[in-house]
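**Q** Here is my input, please return the structure:
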Amino acid sequence: PFLSRSDIYRLAAAAAGSRKILFATDYPLIPYGRTLADARAGIGDATLQSDILGRNAARLLGVDTP
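**A** Model (predicted):
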């Protein structure tokens, strides 16, 4: 929230593709819950949220997701 608005996630997904973005936080500078809420609000679309908030990391690490 100090450098960009919450819609940055959606804009980045439109520019690079939602499968190329990994979610991360600036914890403890900004609480995890606040960052996650901002990301969910900015992403909007459920499929994009699934990719950005976990599926991409799981794919990168070779972890199966339910």
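
**Q** and residue 56, what does it touch?
**A** 18, 19, 20, 21, 22 (C-beta atoms under 8 Å, 6 or more residues apart in numbering). Every residue, glycine included, has its C-beta placed from N, CA and C.

**Q** between the residues you listed, which is closest to residue 4?
**A** Proximity of the contacts of residue 56 to residue 4 (C-beta to C-beta) peaks at residue 21, which lies at 13.3 Å.

**Q** Just give the closest residue to the closest one, not the sequence neighbours.
**A** Here the nearest residue to residue 21 in space, its sequence neighbours aside, is residue 52; by C-beta to C-beta, 6 or more residues apart in numbering that works out to 4.9 Å.

**Q** list the contacts for residue 49?
**A** 39, 40, 43.

**Q** And the pLDDT for residue 66?
**A** As predicted, residue 66 sits at a pLDDT of 63.

**Q** Among the contacts of residue 56, name the buried ones.
**A** Buried members of the contacts of residue 56, counted by 16 or more other C-beta atoms under 10 Å: 18, 21.

**Q** Secondary structure and distance to residue 2 for the contacts of residue 56 - can I get that in TSV?
**A** TSV is the format used below for the contacts of residue 56 (DSSP: H, G, I helix; E, B strand; the rest coil; distance: C-beta to C-beta, whole Å):
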residue	secondary structure	distance to residue 2
18	helix	24
19	helix	27
20	helix	24
21	coil	19
22	coil	20
